[in-house]
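[1] the sequence isn't on hand, but the structure is:
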């Protein structure tokens, strides 16, 4: 049974720091991996999707990597800003089109 | 392009009452998913529609939950009768069919059962 773990559960950094959020999954048979952002009381915003055949995806200051063999993904945020404060979630579907299995998320706080 | 919308945004009901949640997916998305997050836990899958058909309902907690997707467009999730443990945030997501199928989420409905 697939399990997704995110470490750390919470992270506080000063503005301007580069940081890495970690996501691990127990079963390497994933179809893709999605990173989301959730602001308090809001829905989930899709940040990046990495297909299982890809190693990384970039969007602006965000870079997500995927290592299927080791069951890990990282989300790198460059030059963090207070507006980056949110909960970051990773999720994997076992097969194309199937439901996502989520981690509990990492709550990031960036202070100015 | 409009995103996934959900109604209501909040609902507070008494134990034993009935509540119906609605989700309007992104136009053209054949996949529609319901998820739920209860306090302190991770988001968990409830149900998956492909067009109007239930593809996977293995996450539905019990038969007090009934989901429908009329004509392959919007979907409703009814809880009858509601219990205290049904409290949480219910999310709807949609995606295209096909290999890419990035899922897009709605803002969620926060359900509180008293």
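    Sure, I can see it. Predicted, not measured: the structure shown is a model, and the values here were computed from it.
[2] need the residues of chain A near chain B, please.
    Listed as neighbours of chain B in chain A under the rule Cβ under 8 Å from any Cβ of the partner chain: A:4, A:34, A:36, A:42-46, A:49, A:51, A:89, A:91, A:93, A:96-105. Glycine gets a C-beta too; all of them are placed from N, C-alpha and C.
[3] and residue A:35, what pLDDT?
    Note for residue A:35: predicted pLDDT of 97.
[4] ramachandran angles for it?
    Note on residue A:35: its backbone torsions stand at phi -110, psi 140 [degrees, to the nearest 10].
[5] what's the answer for residue B:86, then?
    Given degrees, to the nearest 10, the pair of backbone angles that residue B:86 has is phi -80, psi -10.
[6] quick one: it and residue B:80, what's the gap?
    10 Å (Cβ to Cβ, to the nearest Å).
[7] returning to what we had before: now, of the residues of chain A next to chain B, which are buried?
    Buried members of the residues of chain A next to chain B, scored by 16 or more other Cβ atoms under 10 Å in any protein chain shown, are A:4, A:34, A:36, A:43-44, A:46, A:49, A:89, A:91, A:93, A:97-105.
[8] tell me what the spatially most central residue of chain B is bridged to.
    With distances taken as Cα atoms, centre = their mean, residue B:34 lies nearest the centre of chain B, 3.3 Å away. Taking DSSP bridges as the rule, residue B:34 bridges to residue B:47, residue B:92.
[9] residue A:83: what secondary structure?
    Secondary structure, DSSP: H, G, I helix; E, B strand; the rest coil: residue A:83 is helix.
[10] on the pLDDT front, check it for me.
    The model reports residue A:83 with a pLDDT of 96.
[11] ok, now the one 3 residues further on?
    Here, the pLDDT recorded for residue A:86 equals 97.
[12] my guess is it meets residue A:37, correct?
    Yes: contact criterion Cβ atoms under 8 Å: residue A:86 and residue A:37 qualify, at 4.8 Å.
[13] how close does the nearest residue to residue B:112 once chain neighbours are set aside sit to chain A?
    In space, and not counting its chain neighbours, residue B:112 is closest to residue B:12: 4.6 Å by Cβ to Cβ, 6 or more residues apart in numbering or on different chains. Distance, residue B:12 to chain A, by Cβ to the nearest Cβ, to the nearest Å: 15 Å.
[14] for the helix or strand containing residue B:12, which residues meet the burial criterion?
    If you go by DSSP states H and E, residue B:12 is part of strand B:10-13. Buried residues in strand B:10-13, counted by 16+ other Cβ under 10 Å: B:11, B:13.
[15] paired strands for that strand, with orientation please.
    Within its sheet, and counting by DSSP bridges, strand B:10-13 is paired with strand B:109-113 (parallel).
[16] off-centre distance for the strand it pairs with?
    In terms of Cα atoms, centre = their mean, to the nearest Å, the centre of strand B:109-113 is found 12 Å from the chain centre.
[17] what does it rub up against?
    Residues outside strand B:109-113 that contact it (Cβ atoms under 8 Å, 6 or more residues apart in numbering or on different chains) are B:6-15, B:19, B:21, B:79, B:82-90.
[18] go with 6 Å
    Strand B:109-113 has contacts (Cβ atoms under 6 Å, 6 or more residues apart in numbering or on different chains) with B:6, B:10-13, B:15, B:21, B:82, B:84, B:86-87, B:89-90.
[19] what's the answer for stretch A:35-52, then?
    A:30-34, A:57, A:59, A:62, A:64, A:66, A:68, A:75, A:86-90, B:102, B:105-108.
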